[in-house]
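**Student:** I would like to see how this sequence folds:
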Amino acid sequence: MGNTEVRVRGLAARAGGWSARHRWAAVGIWVLFVVLAMGLGSAAGRVDVNESDQLKGETHTAAKIIDDAGIKEPAGETVLIQSKDGAVKATSPQFRAAVADVVGAVEGTGKVTAVTSPYDTHTVSRDGRSALVQFDLRGDAETAADRIEPVLKAVAGVQKDHGTLRIEEIGGASMQKQYKDAFGDDFQQAEYSAVPVALGILLIAFGALVAALLPVALAIMATMGLMGLVSHLQPMSDTANSVMLLVGMAVGVDYCLFYLRREREEREAGRDAGTALRIAAATSGRAIIVSGVTVCVAMAGMLFTGLAEFEAMGLASLMVVAVAMVGSVTVLPALLSLLGERVEKGRLPFLGRRRRRGNGDSRFWTAVLRGVLAKPLVSVVVAAGALLAVAAPALGMKTQQLTLDQEFGDSLPIVQTYNRINDAFPGGSEPAEVVVKAKDIDAPEVRQALADFKKQAVASGASRGPVDVKLYDAQDVALVSVPLVGGSDMDRATESLEKLRDEVRPATLGKVDGAQAPVTGQVAGNNDFNDQLMGSVVPVFVFVVVFAFLLMLLSFRSLTVAITSIVLNLLSVAAAYGILVAVFQHGWGASLVGAEGVGAIVTWLPLFLFVILFGLSMDYHVFVVSRIREARMRGRTTKDAIRHGVVTTAGVVTSAAVIMVAVFAIFGTLSMQSMKQMGVGLAAAVLIDATVIRGVLLPAVMALLGERNWYLPKWLHRLPDLTHDESPEQVATPVPDRGERLTV
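**Tutor:** Sure, this is the predicted structure:
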């Protein structure tokens, strides 16, 4: 192979060439960019998503009324006092003594206010064996979990003195504290362990320390700082930060592996370092740009949901992909030029003698491809049939916001308390709250409407009471707490909510001129979230699919490639949905991942997975198809180009997929069922995509289509030509095409 100087065209080639020639300047600019981004981001601080901005609809209206009125609702807590065997009733002296002890103990901490006895508020269960002592914590509700410990200890002390009774505390602050104690470091630990896992696999797959360190650094560094700056326009969140890390790990590893593998392959083929770098820039660099733009478009789909949390995740993901893409085609060539052969320094000793064949072929995938290309129709039928069978359970997908017991099972003691309260006082642990805003809250017609609302809420069957009204005269606001019939049964609780909103409210508060009465609370928030999310599915789906199709069409100038790209990616996502439903909804193999008894998919996950998986799937697809097209442009037949493209990319695709599956699998080990579902869904989809889709279906479909793979109707020839990044090699005699003639 010669090292003849060749001219290459295209953005990626020019960027890589400039960076290689001005390597110190390129590295310096990158370092300056990272330092400035992190410094400015740290100085600006991060603005997080405000609870009142999380949702639209009634939940948002209620939060805005409370915020505008300056009402700071305290953190409420409840102590359940319950007879263990049913023998002791609330009317017995022993039970009354326990209630008095609880009231005295919590008041004695000096941390609480507005302590109420169940005998005054009538919070005694119908069977007479359960009662609730309620109170508020002093200070800011957002930091109440940090001050709840003395109160919990006081309640635990009373429990020791009353062995025949069950005395347990629950509330927003106590739940948050127990959650933080049990799982607070769980998610963060998964994030931290993901990096060394990725590096370890990179070391084994690539055998070079320097090559292993580049991807993660390039994907993550600057984005952390940029998130702080951007958060002043679009508030961010801890969830967005975690998703950014996941996506950054995935694409950062992919892009650097694509580039490094091609550069190493060209050097192994006998080219000098400069020529190898130029070829990598013109080929893998282009694939990275096409993939990066496509992934950015997919992530931008989350901006169409109208949900603040999704918008934050989408923007954070988009930024990290853009940073990884730019870094891979600029600073990476500069670093490789600086390091030269030293990029191999740090090769693991036991891998020191390992040598790939000069053509970069994978023996395993060569054997697989031989069978696939020999019988492409059989391969398509078998592979597509298997994936459709796996996807079939998704047709019965049930989505809902997971209740506390679904999310954590019996791993938290407070979950059992939550269930006991809901059994004794349906809806009492998560009541609906009606926020009433009137011109004059003390006006006779308003007071009468509030009284009518209390009566009809119980009479309608939406609540069993007690319905509590708290007046804020100065702000002309009333907060009405309504325990919903159904409790933790979300279907029944939603029916009760609809009665309140559609029947009780219009007949009472709705008759007061100028009054607002939005219904909020946990059940209402879940319902509003579901409605808004379902309403955004079609716009997000259409946006992602249409723009991905157009990008593939422009990038490869082939209608066939664009269509097959979309179809194969949708099949991959559908198979992931099927696995999720089979495991978490139907319980098939659920014990293997610790997911017994969930029975549903968390509401936000299907849309989230669609966007993330569609974007990540394009990584592999663009890389493999680019290599196939490159071989086709060099004069190979389509079938030979398919074989060459798949087997030469198999090593890097497998390495990248193993890293992503390992990282996502870490999140599948978390205790929270929603995080477990996310991890299992992502890991399964990436595994399917890198094996069945890219290794079997893609080559089989392309083999069946033959020269029709490159078909572009004449009426589309006027489209912009984005295929100008060419292979810097002489092209052999062109192969006749039924569509647009391939040009170099």
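**Student:** show me the helices in the stretch 101-250 of the chain, by range?
**Tutor:** Using DSSP state H, counting those that start in this stretch, the helices found in the stretch 101-250 of the chain span residues 118-121, 149-161, 172-206, 209-230, 238-268.
**Student:** and those helices, which one averages the lowest pLDDT?
**Tutor:** Mean pLDDT is lowest for helix 172-206 among those, at a mean of 69.
**Student:** where does the stretch 401-550 of the chain have low pLDDT?
**Tutor:** By pLDDT under 70, the low-scoring segments of the stretch 401-550 of the chain are 409-411, 427-429, 487-489.
**Student:** which stretches in it count as strands?
**Tutor:** When assigned using DSSP state E, counting those that start in this stretch, the strands of the stretch 401-550 of the chain occupy the ranges 432-437, 468-472, 477-482, 519-520.
**Student:** can you list these in TSV and add distance to residue 633?
**Tutor:** For every residue, glycine as well, the C-beta is placed using N, CA and C. Output for the strands of the stretch 401-550 of the chain, formatted as TSV (distance: least, CB to CB, whole Å):
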stretch	distance to residue 633
strand 432-437	64
strand 468-472	73
strand 477-482	68
strand 519-520	60
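**Student:** right, so of the ones you listed, which gets closest to residue 315?
**Tutor:** The closest approach between residue 315 and any of the strands of the stretch 401-550 of the chain, judged by CB to CB, belongs to strand 519-520 at 26.5 Å.
**Student:** the closest one pairs with which strands, parallel or anti?
**Tutor:** Here strand 519-520 is paired, per DSSP bridges, with strand 432-437 (antiparallel).
**Student:** picking up where we left off before, export the strands of the stretch 401-550 of the chain as JSON lines, with columns for mean neighbour count and distance to residue 452.
**Tutor:** Listed next are the strands of the stretch 401-550 of the chain as JSON lines, based on neighbours: other CB atoms under 10 Å; distance: least, CB to CB, whole Å:
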{"stretch": "strand 432-437", "mean neighbour count": "24", "distance to residue 452": "12"}
{"stretch": "strand 468-472", "mean neighbour count": "16", "distance to residue 452": "12"}
{"stretch": "strand 477-482", "mean neighbour count": "22", "distance to residue 452": "12"}
{"stretch": "strand 519-520", "mean neighbour count": "24", "distance to residue 452": "16"}
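**Student:** nearest to residue 171, of these?
**Tutor:** Evaluated with CB to CB, the strands of the stretch 401-550 of the chain place strand 477-482 nearest to residue 171, the distance being 13.5 Å.
**Student:** can you name every helix or strand that that closest one contacts?
**Tutor:** For strand 477-482, the packing partners by 3 or more CB pairs under 8 Å, 6 or more residues apart in numbering; DSSP states H and E come out as helix 57-69, strand 432-437, helix 444-459, strand 468-472.
**Student:** swap in 10 Å and give it another go.
**Tutor:** The helices and strands touching strand 477-482, judged by 3 or more CB pairs under 10 Å, 6 or more residues apart in numbering; DSSP states H and E, are helix 57-69, strand 432-437, helix 444-459, strand 468-472, strand 519-520.
**Student:** tell me what angle the second one forms with strand 477-482.
**Tutor:** So that's strand 432-437. The directions of strand 432-437 and strand 477-482 differ by 160 degrees, with axes from the mean of the first three to the mean of the last three CA atoms, to 10 degrees as the criterion.
**Student:** and strand 432-437 with helix 57-69, angle?
**Tutor:** Between strand 432-437 and helix 57-69, the angle comes out at 50 degrees (the same axes, to 10 degrees).
**Student:** burial count for residue 69?
**Tutor:** Residue crowding around residue 69 was assessed by other CB atoms under 10 Å; the count is 15.
**Student:** so how far is residue 62 from it?
**Tutor:** 11 Å (CB to CB, to the nearest Å).
**Student:** to residue 161, which of the helices and strands packed on strand 477-482 lies closest?
**Tutor:** Counting by CB to CB, and looking across all of the helices and strands packed on strand 477-482, nearest comes strand 468-472 at 29.6 Å.
**Student:** backbone phi and psi for the residue nearest to residue 150 when sequence neighbours are not counted, please?
**Tutor:** Beyond its immediate neighbours in the sequence, the residue positioned closest to residue 150 (CB to CB, 6 or more residues apart in numbering) is residue 109, lying 4.6 Å away. Note on residue 109: its backbone torsions stand at phi -70, psi -20 [degrees, to the nearest 10].
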